[in-house]
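>>> coords below, sequence missing:
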């Protein structure tokens, strides 16, 4: 025990003291080191004169269970400060601390509870990585940055709420949090992207909610998360412009949840007729992938492009009114729309992508545009009733290419008129 009246200029005062179990530092001491790699050190009390937790300060103190901070600690908890303090169970971050450094608590495998204050702005890369017992942590309003792998492999965390003040989040932030069930982003969160691999292999995930400020979902952000409910806190217009939706909803096709819906927009199922307003200029890839309760969609002429698989497996879709300036029907756009009966392509369409209408089993009439130049592979394959109304397929003089199997298994097709310009 060092009393409050004591002062010392030797910052290596504990160097070589391998048998230390308890250290109490008085208020007169302003800096201390030499406490790392203490195999039997169990408890430390820092006086009010200590103002900083240095880099690697308690690193590899594998028996350390309790740290009592003084009121003077401020700024950053240094990099690797408590790395692999494997007996540490609880930590209360001092009120003046604003940043948790790189790997500051990485590998603290017994750490169960962390108490943060609103003054913490930054949680650094790998800050709590592999804290496999951590189950209680509340991210406070005021937090602005969550680093790469900040909570990676924290296998006991079940719920996480991202406050609206967060503006940055690194890759792999919650990768392999295998008990994580619920993720909530504040509806007005400043964050505009869910980064690559963010929730990769969060196999227990049951629900995620986020607002319209999220504009992009990173690569493999939800890879191998199984099935989970998505509650999007925005409008249909907001939803259909999000980039990277494949990373979020690509799991839906093979997921059954005992009859429950797995996607809601603003708390409601998307069903019946929907309208894309003139505020929207493009519909991104996978925007309405497996929205199987939509019966009709009307798209304003302001929309200039529709991404691939945009209406993939919309099994109740009967009709789609496409925008006048559309130039291409992307790959898989209406794949598996088994209720679609007719489609009128705008005169501006020049390309029909691969598998664009594959498996539209009762599609009997397609009005092809005069400007059409390319029909992709299997574009109308398995459209069993195409031409069932007796109307032939006429390909105008601008058509230059017809892909392999473009009209395979169109059983009612008896006549097709092809221009000599087709290569």
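That came in fine, so what should we check first? In this text, all values refer to a predicted model and were calculated from it rather than measured experimentally. Residues are numbered from 1 along each chain as shown.

>>> so how far is residue 81 from residue 299?
From residue 299 across to residue 81, the span is 55 Å (Cβ to Cβ, to the nearest Å). C-beta here means a position set from N, CA and C on the backbone, and glycine is covered the same way.

>>> Please disregard the earlier target; I meant residue 155.
From residue 155 across to residue 81, the span is 23 Å (Cβ to Cβ).

>>> who has more neighbours, these two?
More neighbours surround residue 81 than the other of residue 155 and residue 81, with 25 against 17 (other Cβ atoms under 10 Å).

>>> And that one, how close does it get to residue 93?
Applying Cβ to Cβ, the value for residue 81 to residue 93 is 11 Å.

>>> now do residue 47
18 Å.

>>> swap in residue 387?
According to Cβ to Cβ, residue 387 and residue 93 sit 70 Å apart.

>>> Give me the contacts around the helix or strand in which residue 320 is found.
Per DSSP states H and E: residue 320 is located in strand 319-321. If you take Cβ atoms under 8 Å, 6 or more residues apart in numbering as the criterion, strand 319-321 is touched by 295-299, 311, 334, 340-344.

>>> Run through the strands of the stretch 251-400 of the chain in chain order.
263-265, 272-276, 282-283, 294-299, 305-306, 319-321, 328-329, 342-344, 351-352, 365-367, 374-375, 393-394 (DSSP state E, counting those that start in this stretch).

>>> Tell me who's in contact with the residue nearest to residue 267 when sequence neighbours are not counted.
Spatial nearest neighbour of residue 267, chain neighbours left out: residue 231 (6.6 Å); criterion: Cβ to Cβ, 6 or more residues apart in numbering. By Cβ under 8 Å, 6+ apart, residue 231 lies in contact with 207-209, 264, 267.

>>> most neighbours, which of those?
Compared across those, residue 208 has the highest neighbour count, 21 neighbours, by other Cβ under 10 Å.

>>> Not counting residues beside it along the chain, what's closest to residue 48?
Closest to residue 48 by Cβ to Cβ, 6+ apart is residue 70, at 4.0 Å.

>>> got a pLDDT number for the one you found?
Listed pLDDT for residue 70 reads 91.

>>> Hmm, residue 44 and it touching each other?
No: checked against Cβ atoms under 8 Å, the pair residue 70 and residue 44 is beyond contact range at 10.8 Å.

>>> So if I had to pick from the two, which one is more boxed in?
Taking neighbours as other Cβ under 10 Å, residue 70 and residue 44 compare with residue 44 leading, 22 against 17.

>>> contacts for the helix or strand harbouring that one?
Element membership of residue 44, judged by DSSP H and E, is strand 43-45. With contacts defined as Cβ under 8 Å, 6+ apart, strand 43-45 is touched by 21-25, 35, 58, 64-68, 70.

>>> Partner strands of it, with direction?
Neighbouring strands of strand 43-45 in its sheet, by DSSP bridges, are strand 22-24 (parallel), strand 66-68 (parallel).

>>> So for residue 107, which of the ones you listed sits nearest?
In terms of Cβ to Cβ, the element of those nearest to residue 107 is strand 66-68, at 15.9 Å.

>>> where's residue 173 relative to residue 182, distance?
Taking Cβ to Cβ as the measure, residue 173 falls 16 Å from residue 182.

>>> Check residue 145 too.
Remark: distance between residue 145 and residue 182 (Cβ to Cβ) = 22 Å.

>>> Between the contacts of strand 43-45, which has the least confident prediction?
Confidence-wise, residue 35 trails the rest of the contacts of strand 43-45, at 74.

>>> Alright, calling it a day.
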